[in-house]
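# Would you be able to build a 3D model of this:
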Amino acid sequence: MILNKKPLTLADVTEYVKGKEVSEPLTNYLKEFGKISKDKSDKLKEEIVALKNPKIKEENIVKAIDFLPKDKEEINKIFLENGLTDEEANTILKIIKSN
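Below is the predicted model:
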């Protein structure tokens, strides 16, 4: 039964499963693709949310944190349905690169 539907970063999932018995494929996935720590992930999320841009949804923030895009083109792929301006995309990219 699903009690709560909330997007989680890979860092959140890693923290959640720590000390629990989980499948080997999940463990391997988290090791391979979990690029940043929970603290860094939380800091990035706070900074992006602080922009208070209604176009930026929580699930897009989580994707951006997990993928850590390197350029504006990658940012726009994550926020495809939102149609970010160049300035908005560059601002998010600057936040990601600064951490």
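# contacts, neighbours, all on C-alpha from now
OK.
# Quick check: buried residues in the helix or strand of the chain with the lowest mean pLDDT?
One helix or strand of the chain scores below all others by mean pLDDT, DSSP states H and E: helix 24-33, with a mean of 91. Residues of helix 24-33 include none that count as buried (16 or more other Cα atoms under 10 Å).
# From the contact counts, what lies against that helix?
helix 10-17 (3 or more Cα pairs under 8 Å, 6 or more residues apart in numbering; DSSP states H and E).
# Residues touching the helix it packs on, excluding its own?
Leu30, Phe33, Gly34, Lys35, Ile36, Ser37, Lys38, Ser41, Asp66 (Cα atoms under 8 Å, 6 or more residues apart in numbering).
# which among those residues gets closest to Ile75?
Closest to Ile75 out of the contacts of helix 10-17 is Asp66 (11.9 Å), distances taken as Cα to Cα.
# so who does the closest one touch?
Going by Cα under 8 Å, 6+ apart, Asp66 touches Thr9, Leu10, Phe33, Gly34, Lys35.
# Quick one, which of these are buried?
By 16+ other Cα under 10 Å, those give Thr9, Leu10, Gly34, Lys35 as buried.
# Of these, just say which sits nearest to Ile78.
Ile78 lies nearest to Thr9 out of those, by Cα to Cα, at 14.2 Å.
# how many neighbours does the spatially closest residue to that closest one that is not a sequence neighbour have?
If the residues on either side of it in the chain are set aside, Thr9 comes closest to Val62, at 5.3 Å by Cα to Cα, 6 or more residues apart in numbering. By the measure other Cα atoms under 10 Å, the count of residues near Val62 is 21.
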